[in-house]
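Visitor: sequence unavailable; structure follows:
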């Protein structure tokens, strides 16, 4: 790949572009455009912005991603979780519906873009890995529930409000008597129709004789019928006079040139949320991109993805949009509809630009309840409570991370939820590694294998203790090793030699080195020798940089078998009595 | 040990108390008392409190530690670093010299005591391990430099001030023209004499025929002569009239009953610093206690130490003191002077109580410059810049932790220094484990040992790739493993079997499990089988709780040797050409 093509993937795929590819890309673009129009309007509503902002946020960002992004089928634009995070962040600095609010959304997109590009250029994409699977799964599920709850007010035709689950439910309860029946009818019908289209339409079309691919694509495009239908009903019966909230007048225009607010106070208030939005958006987007790429044996470059998403967000900041990222459902549709190159994205942008120019008069009577129904159906698809059960079965640590993330997201807010989830994951990891598993090992008779005396019937020698350390040694557990060795030695007065088996020690830091030196000194004073065995190359290289090897009272053995033979006493070996059930034998070490 | 004695070690050692032990304890107490009087006054000065507070802080706390503490020779009282941290914390909430300042110091001691007792009862002593050796070494060294610099103003007889190194040096420079010559003479002489007593007095006494133990103890008690001498000179020549600052009138009294301030604002402001002071004080104290205990084959119980130190601090809060902990130099003196039980501490408390009652008129003319000299000599002993060199040689990560801790302690403050040091240690650890070492391994010909193909000349098979993962698999590195496997497989079109060697994998969390499932699925789609070998018992137990084992396309082998034999192809093996220097051969795995 030429150097420039490293940062401009368009130079790579653009050269081999054929007429056949063009046809495939155009078809995919048409389908995605039909699907994106209602979604874009809906997510703008979720973010607290006027509906046209959703269209604008889908045009320039898609074009920029087509130039800089590395995934062939990722579709970029407003998505539910990021729109929710935008509403939460911008809602803290400005009143919804004001010009300041829209400007703050532009600033958030711009900042988020800068952060993404910076992370990409500095090759810091691995930072996203710190958001563990349980945290992201818990966060997306909780966000989905929160978003669905927040949209109920549009279905019920009441004022509502609030950012946490408790606030949202309290606001709904307070206005329970003021439900607008025409709105509820429209919203309920839209909700039912959309749910059915998602689950039941494909089988129904198949039953009517449609091919599997056609049925699938038709089902994906069908929600536009709900949009058209409810809009028509509201217009025909003049339901806006009876309290059904509609989108109203939307200017027909290409995306405007807009400038993000850059006052220091605004930047300071938004930098934290922008960082979280960038990382969450990236995590969501990269997992979609990698899944799609793997199914066609293509590769995505995470650092290039950061640059692509960053460019898209900077573009959103200058074209009347708000933060965007790669969306799951639209990318899958794009991919399934046969998009071959990012040019499909460019054609989608063209379609949306035409919609923004000429279709806005048609959505004047589009009820907000329909948009809310679109959102609810989309986000309930994200809700996956099974993560709770899977994490519970797998480990307490992962379960804790899920529960903390979900709980704080629902009860305190999205930013608190993600941050606490990441913090909980890290703290649990530190806690676990601070009290590492260590096993006294003995020899499996007649072999050179050494296994835990508690799990296997193995040979031991009274004067020789072999302790396998099942963790890297570093500051949180350095003193733990000192304590453990002191306790083991205190129980065994006949001991003369201690071997630390380092087969699972991948690192030794300075704190652990000092603990090893302390152990060596204390054992020497008590008349014992300290040996090491199975030390890995990188750890040994490290130990050689200190005086530990010179001061060591015993030896460093290449293998534990060598240590066993070299330190063997003339007497007989004893056989250990395993104390842990036999299920472990054969697999346990 | 009886259950009650678990929390009251005094019941353990108190029952075997003999006349001989009494004699040893009394002698040690006398020597420590002589040493503690000037130190206590000096550290009160350092904490910004009236001199008698230093004496009070050494009386009740010592008695309470004697009852609850587990170390036989730890001497508790004001120490340099904790006094500095007290000054930094209390200086933020009250003006030095006011009644509010003294009350805040009591509150700090009380809060710190509560925190220590709580940590002890909850057995959370391991939290102290998160302050790594490099961080604590860097912090103590930087604090020592900061304290020494802060005391220069008393030696020079100027106003001075400031909390960071830059502020302190700027204040000294601003008043360079106002140095008080009589003060500088007294201070300089005291400094010189004290330095000589520390280094040169023991050899001199030995040369004069004194026994080694006597010489050593006399040298430790000698600083009281400097106190007496400079006080006498100031009194005789009425130097306070010539600008030499003296301690002044000190009430002769037993420790008063005092009550810490408990207003919510004060508690909120001091809880953070109190936590840091508790942890730092505990880390300092426990390492002294463990070192002394090890030299006599005794053990200290870290959780009981927390309770002992907590009781001492609560006592300090109710008896006119300020935060205390186990001090290095006084404990060593106590130990070397032959203290056998904590009763020595009780006798020291008695001695200090007599001093507080009857000796205060004698210190009216004690120059502050002498106290400052006492502090400087004590803290420069703590300064150990060699940690920089040792950490640099050992690893970049440890060096970074030292530099961050020292830099922030000197330039921003003690609390920022420790916090940033701990944060840097944790972040560096996470960063390192997020890109783990992995090695393609082959068989050492004719053995069942498998080693890195880059370090050793080993056999490999073209259709079989064995990848040893040298790190626990968890969320920060889960995706890294996916990427690495994808890259290795893409390079080798003839590959049919991949074995992940798990000998160094101590943990697999849910994120890593999902990555393993992803790898298994992707390899299956590409026509490859995935196997595991050398999986540890606890990791296997964990994997069994998911469906991974059922979905695995290959097998789980007990040893890598078994995997090699079971997957062997009929053809010949190739020998690898090591690319890393031979220094690693023989030690590297």
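Guide: Happy to help now that I have it. Small disclaimer: the values here were computed from a predicted structure and weren't measured.
Visitor: where along the stretch 51-200 of chain A do the helices fall?
Guide: A:51-68, A:80-91, A:99-121, A:133-156, A:165-174, A:181-199 (DSSP state H, counting those that start in this stretch).
Visitor: how far is the first one from where the chain is centred?
Guide: By that I understand helix A:51-68. In terms of C-alpha atoms, centre = their mean, to the nearest Å, the centre of helix A:51-68 is set 22 Å apart from its chain centre.
Visitor: packing partners of that helix?
Guide: Counting contacts by 3 or more C-beta pairs under 8 Å, 6 or more residues apart in numbering or on different chains; DSSP states H and E, helix A:51-68 packs against helix A:10-13, helix A:19-46, strand A:76-77, helix A:99-121, helix A:302-317, helix A:343-358. Yep, even glycine has a C-beta here, placed from its N, CA and C like the rest.
Visitor: looking at the helices of the stretch 51-200 of chain A, which is closest to residue B:176?
Guide: Proximity to residue B:176 (C-beta to C-beta) singles out helix A:99-121 among the helices of the stretch 51-200 of chain A, at 45.6 Å.
Visitor: nearest to chain B: which residue in the stretch 251-400 of chain A?
Guide: Scanning the stretch 251-400 of chain A for the residue nearest chain B gives residue A:398, at 3.9 Å (criterion: C-beta to the nearest C-beta).
Visitor: mind listing what that residue touches?
Guide: A:132, A:134, A:391, B:509-511 (C-beta atoms under 8 Å, 6 or more residues apart in numbering or on different chains).
Visitor: closest one of the residues you listed to residue A:446?
Guide: Of all the contacts of residue A:398, residue B:509 has the smallest distance to residue A:446: 36.6 Å, by C-beta to C-beta.
Visitor: and the pLDDT at that closest one?
Guide: On the pLDDT scale, residue B:509 is placed at 90.
Visitor: which non-adjacent residue is nearest it?
Guide: Spatial nearest neighbour of residue B:509, chain neighbours left out: residue B:474 (4.4 Å); criterion: C-beta to C-beta, 6 or more residues apart in numbering or on different chains.
Visitor: from residue B:467, how far out is that neighbour?
Guide: 18 Å (C-beta to C-beta, to the nearest Å).
Visitor: where's residue A:465, which helix or strand?
Guide: strand A:464-469 (DSSP states H and E).
Visitor: and that strand, what's buried?
Guide: A:464-469 (16 or more other C-beta atoms under 10 Å in any protein chain shown).
Visitor: contacting residues around that strand?
Guide: A:436, A:438-442, A:450, A:452, A:481, A:484-485, A:488-489, A:492, A:495-505, A:533, A:560, A:563-564, A:567-569, A:589.
Visitor: again with stretch A:358-367
Guide: A:37, A:41, A:51-52, A:183, A:186-187, A:190, A:227, A:230-232, A:234-235, A:239-240, A:244-252.
Visitor: make it 7 Å
Guide: The contact list for stretch A:358-367 (C-beta atoms under 7 Å, 6 or more residues apart in numbering or on different chains) reads A:41, A:52, A:186, A:227, A:230-231, A:234-235, A:240, A:244-252.
Visitor: same question, stretch A:117-126
Guide: Where contact means C-beta under 7 Å, 6+ apart, the residues beyond stretch A:117-126 that reach it are A:127, A:302-304, A:306-307, A:310-311, B:434-435.
Visitor: now the longest helix seen in chain A: buried residues?
Guide: The longest helix of chain A (DSSP state H) is helix A:264-295. By 16+ other C-beta under 10 Å, the buried positions in helix A:264-295 come out as A:266, A:269-270, A:273-294.
Visitor: which residues sit in contact with the closest residue to residue A:357 other than its chain neighbours?
Guide: Distance criterion C-beta to C-beta, 6+ apart; nearest residue to residue A:357, sequence neighbours excluded, is residue A:252 at 5.5 Å. Residue A:252 makes contact with A:357-358, A:360-361 under the criterion C-beta under 7 Å, 6+ apart.
Visitor: residues of the stretch 51-200 of chain A that sit close to chain B?
Guide: For the stretch 51-200 of chain A, the residues in contact with chain B (C-beta under 7 Å from any C-beta of the partner chain) are A:126, A:129-130, A:132-134.
Visitor: highest neighbour count among the residues you listed?
Guide: Neighbour counts for these peak at residue A:134, which has 32 neighbours (criterion: other C-beta atoms under 10 Å in any protein chain shown).
Visitor: flag the shaky bits of chain A, pLDDT-wise.
Guide: For chain A, the stretches with pLDDT under 70 are A:1-7, A:294-299, A:570-589.
Visitor: would you mind splitting it into its domains for me?
Guide: As assigned by automatic domain parsing, chain A contains the domains A:21-401, A:438-584.
Visitor: which of those domains sits most buried?
Guide: With neighbours defined as mean count of other C-beta atoms under 10 Å in any protein chain shown, the domains of chain A peak in mean count at domain A:21-401, which reaches a mean of 21.
Visitor: span of that one from start to end?
Guide: Chord length of domain A:21-401, first to last residue, is 45 Å (C-alpha to C-alpha, to the nearest Å).
Visitor: with stretch A:553-568 instead?
Guide: First residue to last in stretch A:553-568 (C-alpha to C-alpha) measures 17 Å.
Visitor: quick one: it to chain centroid distance?
Guide: 46 Å.
Visitor: cool, and stretch A:306-315?
Guide: 18 Å.
Visitor: and stretch A:171-188, by the same measure?
Guide: 35 Å.
Visitor: what do you get for stretch A:411-426?
Guide: That offset, for stretch A:411-426, works out to 13 Å (C-alpha atoms, centre = their mean).
Visitor: inside strands: which ones of the contacts of residue A:398?
Guide: Using DSSP state E, no member of the contacts of residue A:398 sits in strands.
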